[in-house]
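K.L.:
what shape does this take:
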Amino acid sequence: MSAHLPLSRRGALAAALAVPATGLLGSHTATAGETRATPAASAADPDFGPNVIVFDPSTAGIQAKLDEVFKRQESAQFGTDRYALLFKPGTYSGLNAQIGFYTSIMGLGLSPDDTHINGDVTVDAGWFNGNATQNFWRSAENLSLAPVSGANRWAVSQAAPFRRMHVRGNLNLAPDGYGWASGGYIADSRIDGTVQPYSQQQWYTRDSSVGGWLNGVWNMVYSGVEGAPANAFPNPPYTTLDTTPYSREKPFLHLDGGEYKVFLPALRTNARGTSWGSGTPQGESLSLSAFYLAKEGDTAATLNAALDQGLHLLLTPGIYHLDRPIEVKRANTVVLGIGYATLVPDGGVTAVKTADVDGVRLAGFLVDAGAANSETLVEIGPRGASAAHAGNPTTVQDVFVRIGGAGAGKATTSMVINSRHTVVDHTWVWRADHGDGVGWETNRADYGVVVNGDDVLATGLFVEHFNKYDVQWNGERGRTIFYQNEKAYDAPNQAAIQNGDLRGFASYKVADSVTAHEGWGLGSYCYYNVDPTIVQEHGFAAPNTPGVKFHHLLVVSLGGKGQYAHVINATGAPTSGSDTVPSTVVSFP
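P.N.:
Alright, predicted model coming up:
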């Protein structure tokens, strides 16, 4: 996303383990040809590396350190630094933590209320002249806030989750002056006051509690949210589900006495409200000693050796170049990134592959396509996976994918979901429309998300700018709650996107063979700025059969740069000229 009106925006280790460990968290790089042991992390005194900064209430100079990190990261949209700011339980006063690119701020309590800031965690858009449509890749988790002005400002767009937060006041989602913004995602949070979207074009809120909701622009979706506005699409554009069919919150670091642990929240069915509001959350904690603490410079061989040894992975902030996939073979394995740890697959490999096993948890990292084309970047389950995982699904949370922007990158398919019952909870899969290495063929990526597995649930699906289908859903009984899309800006002409007899590839395509599928609150936008005469046949395509159902669909032509002829199949009015007013379908069929 980057252009909105009126501004242009946005067990067995390898043989012999010849190299002994150099201390519990010693050197992470083996010499050529050697395989080294993979020591677990120290739970009491972990070495997270220089870009994880841990504060406690007695730490001197907290504000100065926060300001220093923000100065580095405020406009570093495609920079290489990554930061995680960890706050131990306690009360902190007089802080304004401004959060820039590739920065995560996190409390270390078991409940958000264990770590309280009398102050703000702020995202604004001064770096971009008040336009927040490129405020990507940052996060806030597991904190309680009492904002100084009464309203905490979180003016973000994609890939900027606000998870497990307690705001003791209002939450303002727009930049100062109410410039453009294109977000966003809230989960497992309590907002005592009113959420104030103002200019936010779309937003998804899951399993939370709000004191009120001020307004909507195009597409506001809620599932399991206490205090959510009533279902009213398209005017106002609210899509409200009483519960979320099933959800499992993202794993998170916390302190138990003096020991670091990773909490694994339990699976919830028909969830409503926060997971922590009634006391101790349900789930289990793993000692950090069960994890390998990865650092920039670690190779795929080292990471896979740790996984084979039976360890989980905690990816600390950094950029990890991979010459082979990280392979998750064991049930219930956790791969958790903090501070936007970034995986770059070199030589056309896949970054992450999982086996068809129960309970894998992938969370909190960015995959950046390499210069050589990868057939896939993230692969959940092997081709043909068929085992049922309803009671213990794989969860993919805050796993973001980028093709181009930071440099030329290519991938045929970005994310493939083969395992049944997978829950994809908040992802932004983005073929870049600005930055370095951008062009119709330069960062070619035909497909964003391809779902082959049955019974997959997506909650908070953001997929943009792919050369063909942004989402292609082949599995049965799939469900999507909230979808945001823009078609590729840079299509050179109508012929370049021709799809047989159809003008363009739908943003969200359900295969003709599918007999059951359901979606709520789905939007697709076009901005064909290279050739504004392009006509997109429709935003959505699906078999017209009783078991395939959509609720609350919209398409938007941004400033008349291209047009949609229909919303879904041949249903729905065309978008009209340059007025940037959605064309909607309340239900299909």
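
K.L.:
now the longest helix seen in the chain: how far from the chain's centre is it?
P.N.:
Criterion DSSP state H: the longest helix present in the chain is helix 62-73. Its chain's C-alpha centre and that of helix 62-73 lie 24 Å apart, by C-alpha atoms, centre = their mean, to the nearest Å.

K.L.:
and it, what does it pack against?
P.N.:
strand 52-55, strand 83-87, strand 90-98, strand 103-107 (3 or more C-beta pairs under 8 Å, 6 or more residues apart in numbering; DSSP states H and E). (Glycine included, C-beta is placed from N, CA and C.)

K.L.:
in that helix, which residues are buried?
P.N.:
Ile62, Leu66, Val69, Phe70, Arg72, Gln73 (16 or more other C-beta atoms under 10 Å).

K.L.:
hmm, who's touching it?
P.N.:
53, 55, 79, 81, 83, 85, 92, 94-103 (C-beta atoms under 8 Å, 6 or more residues apart in numbering).

K.L.:
okay, and the beta partners of Thr194?
P.N.:
Residues in a beta bridge with Thr194, per DSSP bridges, are Gly212.

K.L.:
count of neighbours near it?
P.N.:
Thr194 is flanked by 18 other residues according to other C-beta atoms under 10 Å.

K.L.:
state the distance from it to Val210.
P.N.:
Distance, Thr194 to Val210, by C-beta to C-beta, to the nearest Å: 7 Å.

K.L.:
and for Trp428?
P.N.:
Applying C-beta to C-beta to Trp428 and Val210 gives a distance of 23 Å.

K.L.:
more crowded one of the two?
P.N.:
Neighbour count, other C-beta under 10 Å: between Trp428 and Val210, Trp428 has more, with 26 against 23.

K.L.:
pull the contacting residues for that one.
P.N.:
Phe136, Gln158, Ala159, Phe400, Val401, Phe462, Val463, Glu464.

K.L.:
bridged to the nearest residue to the second one once chain neighbours are set aside, which residues?
P.N.:
Translated: Gln158. Once flanking residues are discounted, Gln158 sits nearest to Trp428: 4.1 Å by C-beta to C-beta, 6 or more residues apart in numbering. When assigned by DSSP bridges, Trp428 has beta-bridge partners Phe462.

K.L.:
first vs last residue of stretch 257-268, how far apart are they?
P.N.:
27 Å (C-alpha to C-alpha, to the nearest Å).

K.L.:
quick revisit: out of the contacts of Trp428, which one sits closest to Arg268?
P.N.:
Phe462 (22.7 Å; C-beta to C-beta).

K.L.:
that older thread, buried ones among the contacts of helix 62-73?
P.N.:
Here, 16+ other C-beta under 10 Å leaves 53, 55, 81, 83, 85, 92, 95-103 buried among the contacts of helix 62-73.

K.L.:
if we can go back for a sec, format the helices and strands packed on helix 62-73 as TSV; extra columns: distance to Ala355 and mean pLDDT.
P.N.:
Shown next, in TSV, are the helices and strands packed on helix 62-73 (distance: least, C-beta to C-beta, whole Å; pLDDT from 0 to 100):
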stretch	distance to Ala355	mean pLDDT
strand 52-55	30	98
strand 83-87	29	98
strand 90-98	39	98
strand 103-107	28	98
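
K.L.:
possible to save the ones you listed as TSV with distance to Asp308?
P.N.:
TSV is the format used below for the helices and strands packed on helix 62-73 (distance: least, C-beta to C-beta, whole Å):
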stretch	distance to Asp308
strand 52-55	26
strand 83-87	26
strand 90-98	39
strand 103-107	28
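
K.L.:
those: which one's closest to Ala174?
P.N.:
Nearest of the helices and strands packed on helix 62-73 (C-beta to C-beta): strand 90-98, 16.1 Å.

K.L.:
so what does the closest one touch, helix or strand wise?
P.N.:
Under the contact definition 3+ C-beta pairs under 8 Å, 6+ apart, strand 90-98 sits against helix 62-73, strand 115-122.

K.L.:
mind putting these in TSV, mean pLDDT and distance to Pro345 included?
P.N.:
Below are the helices and strands packed on strand 90-98 laid out as TSV (pLDDT from 0 to 100; distance: least, C-beta to C-beta, whole Å):
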stretch	mean pLDDT	distance to Pro345
helix 62-73	98	25
strand 115-122	98	32
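
K.L.:
how about the ones you listed, which one is nearest His321?
P.N.:
Counting by C-beta to C-beta, and looking across all of the helices and strands packed on strand 90-98, nearest comes helix 62-73 at 21.5 Å.

K.L.:
how far off strand 103-107 does that closest one point, in degrees?
P.N.:
150 degrees (axes from the mean of the first three to the mean of the last three C-alpha atoms, to 10 degrees).

K.L.:
pLDDT below threshold where in the stretch 251-400 of the chain?
P.N.:
For the stretch 251-400 of the chain, no stretch is flagged by pLDDT under 70.

K.L.:
can you do 90?
P.N.:
Along the stretch 251-400 of the chain, segments meeting pLDDT under 90 span 278-280.

K.L.:
so which residues of it form strands?
P.N.:
For the stretch 251-400 of the chain, strands defined by DSSP state E, counting those that start in this stretch occupy the ranges 252-256, 259-265, 268-271, 283-287, 291-294, 312-315, 319-322, 326-328, 334-345, 352-354, 361-368, 374-380, 395-403.

K.L.:
again, but for the stretch 101-250 of the chain
P.N.:
Assigned by DSSP E, counting those that start in this stretch, the stretch 101-250 of the chain shows strands spanning 103-107, 115-122, 138-141, 144-145, 151-153, 162-163, 166-167, 170-172, 185-187, 190-196, 202-213, 219-226, 238-241, 244-247.

K.L.:
go ahead and confirm Phe263 touches Pro251.
P.N.:
Yes. At 6.5 Å, Phe263 counts as touching Pro251 under the criterion of C-beta atoms under 8 Å.

K.L.:
more neighbours, these two?
P.N.:
Each of Phe263 and Pro251 has its neighbours counted (other C-beta under 10 Å); Pro251 has more, 24 against 18.

K.L.:
looking at the buried residues of helix 62-73, which is nearest Glu259?
P.N.:
Nearest member of the buried residues of helix 62-73 to Glu259, counting by C-beta to C-beta, is Ile62, at 23.4 Å.
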